[in-house]
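>>> Any chance you could fold what I've pasted below:
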Amino acid sequence: MDSVALGSYDTIASLPASHRRAYWRDALSRTFGAVHISVPEEVRHGTIRATPLDRLRAVTVTGDCQDALRTRRQTGQDGQDEYVVVKLIDQGVARLEQDGREAVLRPGDIAVYDLSRPLRLHLPQSFRTKSLALPRHTLGLSDSDIAQITARPLAADSPLAGLISPFLSGFVDGAGTYPSRVGELMARNVVDLLGVLTDEVLGNTATESAGGNRALLLRIKASIDERLADPDLSPQSIAADHHISLRYLHKLFESEDATVGRWIQRRRLEECRRALTVHRHATIAAIASRWGFTSAAHFSRVFRAAYGISPREWRGAQELTIPPARLVDA
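Numbers count the residues shown, from 1 in each chain. You can find the predicted model right below:
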């Protein structure tokens, strides 16, 4: 989520009272994507601590009551629609609405929401939340599965939520203090636990959720992301990296809606699409090369096949719809 400075820390404590409301609304939008924020006329306190973990982001927010609305018009215009947010209510209560459902959340409860679709998050009193924002593909779920788990409270008194809640809380608190390799492994553990918890919500069988195939598939997807820029990335090299046969690798991907090769191409296209929006001065050929495409012409063909327009047309459309960053007087 590139709109927030790495390792950023926003607080309104040192600001004049007349500037706090506007600053707080802008800081929240920069952290979680474009939203309409309703806050009290007098904002007394609020802090945001955001720490990057590769493509993930750990965020702690404390503040007064507020209401956040992300509309359909705002989705797809700020580069955040690839993200899913896993939110733990640490203090206070919340009401989350998405996909026709409403979840009332209390301390220790966890809920998921998807930034690609409209949502409302109402926090009626002073609160503290701890969140992990992560690209949807890291969950290893289809869009339809994600739509089934949004705005469903994962209650603190369930056995699995009772395990993941303190783990997620400690992980977010310590984000930025771990060596990079340790942080990466812990992030994968969080994702694996979320996957098991998601299986429980979706009603999958214990055998399916407890098996090691899902965890291995998630690790393989994470390693694919790490090597996307490598033009030699292939099913054969992935199988070798994980000490499994090529046949077994393909079997793991049978549950996905893409082959291994198609998954690699899809992820490269997603990164290129994001880069075309964020890095507006980089050439299209440079972006394609950066993400593992050895031929700019081939990249343009597969991009058009996937999205219905050329990379140049995509970039032009984003330049028309995404306004420049708004400066807030601090």
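>>> mind listing the helices for the stretch 101-250 of the chain?
Applying DSSP state H, counting those that start in this stretch to the stretch 101-250 of the chain gives helices spanning 143-149, 159-174, 180-202, 206-210, 212-226, 235-241, 246-252.
>>> Compare these and report which one is nearest to residue 260.
helix 235-241 (4.3 Å; Cβ to Cβ). Quick note: C-beta positions are derived from backbone N, CA and C, even for glycine.
>>> Other residues contacting the closest one?
For helix 235-241, the surrounding residues in contact (Cβ atoms under 8 Å, 6 or more residues apart in numbering) are 220, 223-224, 245-246, 248-250, 260-261.
>>> any idea how far residue 234 is from residue 240?
Residue 234 sits 10 Å away from residue 240 when distances are taken as Cβ to Cβ, to the nearest Å.
>>> still on that earlier bit, make TSV from the contacts of helix 235-241 and add pLDDT, neighbour count and distance to residue 297 to it.
Below are the contacts of helix 235-241 laid out as TSV (pLDDT from 0 to 100; neighbours: other Cβ atoms under 10 Å; distance: Cβ to Cβ, whole Å):
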residue	pLDDT	neighbour count	distance to residue 297
220	88	21	30
223	86	14	28
224	91	19	24
245	75	11	34
246	81	14	29
248	78	12	34
249	86	19	29
250	86	14	29
260	92	20	24
261	92	13	19
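>>> I'd like to know which of those is nearest to residue 55.
residue 224 (12.3 Å).
>>> and the closest one, what does it touch?
Applying Cβ under 8 Å, 6+ apart, the residues near residue 224 are 233, 238, 263-264, 267.
>>> And for residue 168?
86, 88, 110, 130, 132, 190.
>>> Hmm, residue 91 and residue 105 touching each other?
No. Counting by Cβ atoms under 8 Å, residue 105 does not reach residue 91; the two are 11.4 Å apart.
>>> So for those two, which residue has more residues nearby?
Comparing residue 105 with residue 91 by neighbour count (other Cβ atoms under 10 Å), the higher total belongs to residue 105, at 24 against 12.
>>> Just grab the bridge partners of that one for me.
As for beta bridges, residue 105 partners with residue 94 under DSSP bridges.
>>> so how far is residue 38 from it?
Relative to residue 38, and taking Cβ to Cβ, residue 105 is found at 18 Å.
>>> ok, back up a step: now the contacts of residue 168 as a markdown table including neighbour count?
Listed next are those as a markdown table, based on neighbours: other Cβ atoms under 10 Å:
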| residue | neighbour count |
| --- | --- |
| 86 | 23 |
| 88 | 25 |
| 110 | 27 |
| 130 | 25 |
| 132 | 24 |
| 190 | 22 |
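>>> Tell me the one among the residues you listed nearest to residue 145.
residue 86 (14.5 Å).
>>> is it true that that closest one lies in a helix?
No. Using DSSP: H, G, I helix; E, B strand; the rest coil, the secondary structure at residue 86 is strand, not a helix.
>>> Excluding chain neighbours, give the residue nearest to it in space.
Leaving aside its chain neighbours, residue 86 sits nearest to residue 132 (4.7 Å; criterion: Cβ to Cβ, 6 or more residues apart in numbering).
>>> mind listing what that neighbour touches?
By Cβ under 8 Å, 6+ apart, residue 132 lies in contact with 56-59, 85-86, 168, 171-172, 190.
>>> Next: residue 11.
46-48.
>>> Nearest to residue 228, out of the residues you listed: which one, please.
residue 48 (29.5 Å).
>>> got the angle for the host helix or strand of the closest one vs helix 159-174?
In the assignment (DSSP states H and E), residue 48 maps to strand 46-53. Angle of strand 46-53 versus helix 159-174, following axes from the mean of the first three to the mean of the last three Cα atoms, to 10 degrees, is 90 degrees.
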